[in-house]
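Peer 1: The following block contains a protein sequence and its predicted model.
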Amino acid sequence: MRIGLVTIGQSPRTDVVPEMRPYLGSAEIIECGALDDLTLEEIRDMAPKEGEEVLVSRLRDGSQVRLSREKIVRRLQECIRKLEEEVDIIGVLCTGEFPELSSKKLLVEPSLLLLKTVEALNISKLGVIIPDPDQIEMAKRKWERISNDVEVQSVSPYLGGEEELIKAAGMLKDRDIIVLDCIGYSLNAKRIVKRITKKPVILPRTLMARVIGELLEEV
């Protein structure tokens, strides 16, 4: 079996895929990045202008990049078209919402997995951590669809230090559950937030990997 993983940044995502690998068995992984073939100047042109939805991702050198959702969708779809000829299932390595994406193969979007999972848990107080302060209002609108009591904190998974994450987690101790709403957050980030809040924490990369693993499992 072959799995395609598409990122809004540059591939390979050496910070993400190794933590997904244990759930994916022996499946071959093929990656594609929406920014793979772009120069730094072209990447700068993908930055969000005022009023555009902000997404955050990672370049191959480990640096963070801020992107306009409107500008990145077409290139993300091109990655899907390229990979769907080679793979059995495709996963999107971003928790942004992309209702316009389509594929001839099964397409796993972590934004939908996160929303449906939290909705099914029927919790009252939701805590959310997102990468960029400019995403706070967007995150509130997104999560208020399923909870009337949402608290959002921002810490970049690429630039933020452990102290910042501890401080953000400390603001969410009264929540029933915490969602780390970016594929960039690591298992270590989950451990820190769980240690500080003592509450269940949902990590998108491992949630998505578990679902893909379930779809691929041979019985």
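Peer 2: Yep, that arrived.

Peer 1: Longest helix in this structure, please.
Peer 2: helix 69-83 (DSSP state H).

Peer 1: After it, which helix or strand is next?
Peer 2: strand 89-93 (DSSP states H and E).

Peer 1: which helices and strands does that next one pack with?
Peer 2: The helices and strands touching strand 89-93, judged by 3 or more CB pairs under 8 Å, 6 or more residues apart in numbering; DSSP states H and E, are strand 2-7, helix 69-83, strand 106-108, helix 110-121, helix 204-216. (Each C-beta comes from the backbone N, C-alpha and C, glycine too.)

Peer 1: need these in CSV with distance to Glu53, can you?
Peer 2: Shown next, in CSV, are the helices and strands packed on strand 89-93 (distance: least, CB to CB, whole Å):
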stretch, distance to Glu53
strand 2-7, 17
helix 69-83, 4
strand 106-108, 20
helix 110-121, 12
helix 204-216, 18
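
Peer 1: winner for burial among these?
Peer 2: strand 2-7 (a mean of 25; mean count of other CB atoms under 10 Å).

Peer 1: And the contacts of it?
Peer 2: By CB atoms under 8 Å, 6 or more residues apart in numbering, the residues outside strand 2-7 that reach it are 11, 13, 16-17, 20, 24, 27-34, 57-58, 76, 79-80, 83-84, 86-94, 105, 183, 212, 216.

Peer 1: Swap in 6 Å and give it another go.
Peer 2: With contact meaning CB atoms under 6 Å, 6 or more residues apart in numbering, strand 2-7 is reached by 13, 27-33, 79-80, 83, 87-93.

Peer 1: now do the same end-to-end measure for stretch 64-75.
Peer 2: 18 Å (CA to CA, to the nearest Å).

Peer 1: what does that stretch rub up against?
Peer 2: Contacts of stretch 64-75 (CB under 6 Å, 6+ apart): 8, 34, 46-48, 52-57, 59, 96, 158-159.

Peer 1: Mark which of the residues you listed are buried, thanks.
Peer 2: 8, 34, 46, 48, 53-57, 59, 96, 158 (16 or more other CB atoms under 10 Å).

Peer 1: got the residues you listed as TSV, with distance to Ile202, secondary structure and pLDDT columns?
Peer 2: As requested, the buried ones among the contacts of stretch 64-75 are exported to TSV (distance: CB to CB, whole Å; DSSP: H, G, I helix; E, B strand; the rest coil; pLDDT from 0 to 100):
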residue	distance to Ile202	secondary structure	pLDDT
Ile8	20	coil	97
Ala34	25	coil	97
Met46	28	coil	96
Pro48	26	coil	95
Glu53	22	coil	94
Val54	21	strand	96
Leu55	19	strand	96
Val56	18	strand	97
Ser57	20	strand	97
Leu59	26	coil	97
Gly96	16	coil	96
Tyr158	20	coil	96
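
Peer 1: Please tell me how far Arg44 sits from Lys198.
Peer 2: Arg44 is 42 Å from Lys198, where distance means CB to CB, to the nearest Å.

Peer 1: Likewise for Ile136?
Peer 2: Ile136 is 24 Å from Lys198, by CB to CB.

Peer 1: which one of those two has more residues nearby?
Peer 2: Ile136 (14 against 9; other CB atoms under 10 Å).
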